[in-house]
Each structure stands twice: as C-alpha cells, then as structure tokens.
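J.: okay, predicted coordinates and the sequence, questions at the end:
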Amino acid sequence: MEQPSTTSQQRDDKLWSLAKERVAFKKGLAYYIVINIFLWLIWLLSGAKTGSNGIPWPVWTTVGWGIGMIFYYLRAYRFPDENATEKEYEKLKKQQ
C-alpha cells in the first residue's frame, strides 16, 4: 500500500497552516471537555455546594473557557486569517 508523500515542497502553505489551526482547535476542545468534566465531578463529589449567589463554582470556568473556545472555532473554521487578508487585499486593489 502506497502512502502519499507530503514534503514541504508538495503541500500548499495556506492549507497546511489551516490544517494546523484546526488540529490545535480539536486538541483544545478535548482539553476543555476533559477538564470541565473533572471540575464538575469535583463539585458534585464535594457536596454540590453553590457559592453565595447560588451558582455552582465550575460554571465560571465552563462559560469563560467556552467563550474562548467559540472564538477559537470561528478562527479555525469560519473566518481563517488567510481569507480575511486576501479579501482586504482585493478591496485595496480595487480602490486604486
């Protein structure tokens, strides 16, 4: 069985950068899920105590980190930097 060769001369730099960004997002998402499950288990096993405002304390890390993950997802999948740069370049080119 023949394996495709991916040397630095053969691959497209933009696609390689995008692939690295997406792999990094997937790793970050896995860390987010595992660590938040761990934090919620600690909260649950410690008697499920809430703070003075009635909100469980793991909610702050879940929501805060989750907002960061949303932005990370948008950068990796919806609005890659290369597309934004190319669009801005084309816009400036048309203005001249």
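T.: Great, that's in hand. Numbering: from 1, shown residues only.
J.: elements contacting the top helix by length along the chain?
T.: For the chain, the longest helix by residue count, based on DSSP state H, is helix 13-45. Packed against helix 13-45 by the contact rule (3 or more Cβ pairs under 8 Å, 6 or more residues apart in numbering; DSSP states H and E) you find helix 58-73, helix 81-95. Yep, even glycine has a C-beta here, placed from its N, CA and C like the rest.
J.: where in the protein is pLDDT low?
T.: For the chain, the stretches flagged by pLDDT under 70 are 1-11, 50-52, 82-84.
J.: circling back: want to throw the helices and strands packed on helix 13-45 into TSV with distance to residue 31 and mean neighbour count?
T.: Rendered in TSV, the data for the helices and strands packed on helix 13-45 read as follows (distance: least, Cβ to Cβ, whole Å; neighbours: other Cβ atoms under 10 Å):
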stretch	distance to residue 31	mean neighbour count
helix 58-73	9	13
helix 81-95	22	10
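J.: so can I have JSON lines of the ones you listed showing distance to residue 14?
T.: Listed next are these as JSON lines, based on distance: least, Cβ to Cβ, whole Å:
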{"stretch": "helix 58-73", "distance to residue 14": "19"}
{"stretch": "helix 81-95", "distance to residue 14": "5"}
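J.: of those helices, give the one that comes closest to residue 41.
T.: Nearest to residue 41, of all the helices and strands packed on helix 13-45, is helix 58-73, at 9.2 Å by Cβ to Cβ.
J.: can you name every helix or strand that the closest one contacts?
T.: So helix 58-73, by 3+ Cβ pairs under 8 Å, 6+ apart, packs with helix 13-45.
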